[in-house]
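# generate coordinates for the sequence data below:
(2 chains)
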Amino acid sequence: MKTLFEKSIAGRGSVYLPECDVPKITLSADLSRKTNARLPELSENDVSRHYSELERRAYGVNNGFYPLGSCTMKYNPKIDEKVAALSGFAEIHPLQPIKTAQGCIEVLTRSEKLFCEITGMDAMTFQPAAGAHGEFTGVLLIKKYHEMRDEGSKRTKVIVPDSSHGTNPATAAMCGMTVVSIPSGEDGCVDLEKLRQAVGEDTAGLMLTNPNTLGIFDKNILEITKIVHEAGGLCYYDGANLNAVMGLVRPGDMGFDCVHLNLHKTFATPHGGGGPGSGAVGCKAFLAPYLPIPLAVSANAEQSLNADFAESIGKVKSFYGNFLVLVRALTYILTLGREGIPYAATHAVLAANYFKKRLSEKYTIAHEGICMHEFVMTLENEAKQQGFTAMDISKALLDRGIHPPTMYFPLIVHEALMAEPTETESKEALDEAADIFLAVYDEAVKNPELMHTLPQKTPIRRPDEVSAARNPRLRWSAGE
Amino acid sequence: MGHYLSITEDQKAQMLSAIGLNSTEELYSAVPSELVLKNGLDIPSGLSELEVLREMSSLAAKNKVFPTIFRGAGAYRHYIPAIVSAVNSKETFVTAYTPYQAEISQGILQSIFEYQTMICELTGMDVSNASVYDGASAAAEAAAMCRERKRTKTLVSSAAHPDVISVIKTYCWGANAEMLIIPEKEGLTDIDALRGMLDETVSGVYLAQPNFYGLIEDAEAIGRLVHEAGAKLIMGVNPIAAALIKTPAECGADVAVGEGQSLGMPLSFGGPYLGFMAATSAMMRRLPGRIVGETTDTDGNRAFVLTLQAREQHIRREKASSNICSNQALCATTAAVYLAAMGPEGLKNAATQCLSKAHYMAAEISAISGFSLRYKGEFFHEFVTECPVSHEALFDALEEKGILGGLPLKDGGILWCATELNTKKEIDLLVSVLREVSEK
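Below you'll find the model as predicted:
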């Protein structure tokens, strides 16, 4: 398909602005750019059709089943979009006088109260723009905590299990910490002995998801957080997998000191093809003085912003975060309420277990037993003995109109496929998808060679990623 | 209670039976019983869609939507052509995940590739990433890109946006790296002071163009100085002004970043906005986050993929160039649609109108006694005046007329902004209110 630049015709364009009604000014020549930016010249119809064509060549939750593990691709309610577009939110300047932005600040204070209750934390910030940004903020709180106790230079190690998201070790490194990776036990959970050996006077903290990336709730969680606390470290909860337990179990009660939530996963805000998300961070009261400034405060029905925290880690983003994403998440929480939130979690777990049961007819499940919101399959034997891989299964699913599960993650399972159906899929959708997964498996057993040639019905076939990386073409240029 | 589930009670029973369970409680048998919330969440019961719409609308109604805005300071109200929201609200663009599966994600990947191309065109730089969170975090990531083993210190102009300075500071502290502020002189980065601060430990220098006061810096001279000292130049640019002002590439920048909100995003009480990042080819592999590249598929057809992933957290873990995963993809698409609709002439026209209206407004305001222009340098669409009356009296009087005045500064001045949206009539009204209040 042609790019916008190849559709450009010199002299074409739309007029959106009136004539300038004041005398025209030009910059002095020595400050001016030499040539115009070569933006495409298009009619509005050209632009409209271009993006309609691009939309047809993309795949969203609205197009079909999206069991992308650890991403919680649940249905995105349309009322959330309508609310976020209200001019009383969308047209508010972030530096308007406080008295003219009471509703916006109330969104912050009400959300803080609700999310504190959901997580078992005492304070929240909504400044982080995504999960990894939340992790960064949370680990900085831990860093600050140790600095304030004059242990900053000593406590520099962050423990992460080998099943963790890649963002966990990357975050620790950005916070000037050294990563200590500990292997998981046979059961996929934290190996308590290994953890005891890993902690010490140099431990800053532990980063953990629970349920973990294998979809297992770590039953030893209270013991785990105790071990870390007794060594003087703090516990960070990566909220990427909260959907399994929201409203039922709280990170704060598990012994965690701070947590981030992915509002674009658990709280149904759309993912936008890779953002904007929101990585709200909650913490226990003793960490609250270190939160990014300003903090929203509600007192006597009066909303205000308080930046007067001398011990704050500072700001991690301009203004107050991805505010309109929070507006959507608040709308979602008000809709589901006290009954709906645990109800959604339970159904997410039910859907995952049902889907796992159906697939286990042919696929090898990495860890037996009841799973939480997601589960991991391994195609290790098939890859070794039958000549098809997790990648082949994924590509075959594309031809059948299904978004594949997360591939090759977690790293501790070979030939992994990680599936998370979410609570918003119907039984019929799960059954239909399971039938397709099983049929694809049969097809692969019969004809593994054919699998390497799939997909065939998608807008493109398998791309050459090696030459993309070796010979990077990262922008369009006229020579093509 | 509203919800978005479609499993009926009968189906629930069938599904439980299929997995050999009697109740949904048994799904949580691995959870220690002392951890399970006994009385549920202490939050209100769920609401119907209509109730929640009323509730949220009443919150929105507690905010004042100003018909006229003369405040910028990092968040700007521009005209957004209708095509922009028509495109960025397309359901597939809204609900898709990060385009990991290239075969069914060409639409997302191509839109980012086109966005990257436009950012390269605006900045003159060689390569762009797929976006980061906002202009401030882009600046902080750029500072990290420039750090080397022996050069770890970042210098930041005090004439940059306070939030940008604050975010760079936080990121530098996190990385155990030093950050120092370059003083300002007459509203501009003090070049002599900078000269004295540059040494073999400085990795990067951040400069805002135009700066927080709206002034245009002598970026080329600063760039030469920075490079002579062996450090790298990071420029934070306004993307509308970029249509007119000398590009970061022309000024010798190694990394160009900026806040892309002006490219089709509403004010939104501060977000979601768009952090754009572009660099020279030499710095390409240090860029954080997603990057889309062009390649071919097995049939030889054009294909777009996420590329250079060996920099990223999911491959490199603690050795990654950044931890960033989700970025602001839909905002990047928004910016691309905005730029495609405006075109080169349209963007230039919008920029010229910003410039012209700000100058008309500056001349009119500074003609009022006590409202003199504070700085004499050339400016784009923001400028600082003194203010002879109390901020409160002034802003209350403006608010009565539906006008959000400029940003009051702590030292008593006011930072004004005009965009193409402000008519001469609005500016004249503003000036008459200022005159009235100051003559009282």
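# drop to CA atoms for contacts and neighbour counts, all remaining ones
Will do.
# all strands for the stretch 151-300 of chain A, in order.
Counting by DSSP state E, counting those that start in this stretch, the stretch 151-300 of chain A has strands at residues A:157-161, A:178-182, A:203-208, A:234-238, A:258-260, A:281-283, A:295-299.
# shouldn't A:C371 be in contact with A:I216?
Yes: using CA atoms under 8 Å, A:C371 is in contact with A:I216, at 5.6 Å.
# off-centre distance for stretch B:325-339?
11 Å (CA atoms, centre = their mean, to the nearest Å).
# correction: stretch B:158-166
Chain-centre distance of stretch B:158-166: 13 Å, with CA atoms, centre = their mean.
# cool, stretch B:115-124 as well?
Mean C-alpha position of stretch B:115-124 versus that of the full chain (CA atoms, centre = their mean) differs by 16 Å.
# using PDB, list the CA coordinates for stretch B:350-365.
C-alpha atoms of stretch B:350-365 as PDB (Å, rounded to 0.1, in the frame of the first residue of the first chain):
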ATOM      1  CA  ALA B 350      -0.900  28.300  11.300                       C
ATOM      2  CA  ALA B 351       2.600  29.000  12.600                       C
ATOM      3  CA  THR B 352       2.700  32.400  10.900                       C
ATOM      4  CA  GLN B 353      -0.700  33.300  12.300                       C
ATOM      5  CA  CYS B 354       0.500  32.400  15.800                       C
ATOM      6  CA  LEU B 355       3.600  34.500  15.300                       C
ATOM      7  CA  SER B 356       1.600  37.500  13.900                       C
ATOM      8  CA  LYS B 357      -1.100  37.500  16.500                       C
ATOM      9  CA  ALA B 358       1.300  37.200  19.400                       C
ATOM     10  CA  HIS B 359       3.200  40.200  18.000                       C
ATOM     11  CA  TYR B 360       0.000  42.200  17.500                       C
ATOM     12  CA  MET B 361      -1.000  41.300  21.100                       C
ATOM     13  CA  ALA B 362       2.400  42.100  22.500                       C
ATOM     14  CA  ALA B 363       2.400  45.500  20.900                       C
ATOM     15  CA  GLU B 364      -1.100  46.300  22.100                       C
ATOM     16  CA  ILE B 365      -0.600  45.000  25.700                       C
END
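# is chain A within reach of it?
Yes: judged by CA under 8 Å from any CA of the partner chain, stretch B:350-365 and chain A are in contact via B:350, B:352-353, B:355-357, B:359-360.
# list just the one of the strands of the stretch 151-300 of chain A that sits closest to chain B.
strand A:178-182 (7.0 Å; CA to the nearest CA).
# and that closest one, what does it pack onto?
Other helices and strands packing on strand A:178-182, by 3 or more CA pairs under 8 Å, 6 or more residues apart in numbering or on different chains; DSSP states H and E, are strand A:157-161, helix A:167-174, helix A:192-198.
# including distance to chain B, mean pLDDT and mean neighbour count, could those go into JSON lines?
Shown next, in JSON lines, are the helices and strands packed on strand A:178-182 (distance: least, CA to the nearest CA, whole Å; pLDDT from 0 to 100; neighbours: other CA atoms under 10 Å in any protein chain shown):
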{"stretch": "strand A:157-161", "distance to chain B": "11", "mean pLDDT": "96", "mean neighbour count": "25"}
{"stretch": "helix A:167-174", "distance to chain B": "4", "mean pLDDT": "94", "mean neighbour count": "28"}
{"stretch": "helix A:192-198", "distance to chain B": "16", "mean pLDDT": "97", "mean neighbour count": "14"}
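# low-confidence ranges in the stretch 1-150 of chain B?
Scanning the stretch 1-150 of chain B for pLDDT under 70 picks out B:1-2.
# show me where it has its helices.
B:9-18, B:49-61, B:82-88, B:91-95, B:106-123, B:135-146 (DSSP state H, counting those that start in this stretch).
# picking up where we left off before, of the residues of stretch B:350-365 next to chain A, just say which sits nearest to chain A.
B:S356 (4.9 Å).
# quick one: buried residues of the helix or strand containing A:Y145?
Using DSSP states H and E, A:Y145 sits within helix A:131-148. Buried residues in helix A:131-148, counted by 16 or more other CA atoms under 10 Å in any protein chain shown: A:131-146.
# to B:F380, which of the strands of the stretch 151-300 of chain A lies closest?
Set against B:F380 and scored by CA to CA, these come closest in strand A:295-299, at 32.4 Å.
# does the helix or strand that comes right after that closest one come close to chain B?
Following strand A:295-299 in sequence order, the next helix or strand is strand A:302-306 (DSSP H and E). No: judged by CA under 8 Å from any CA, strand A:302-306 makes no contact with chain B; its nearest approach is 11.0 Å.
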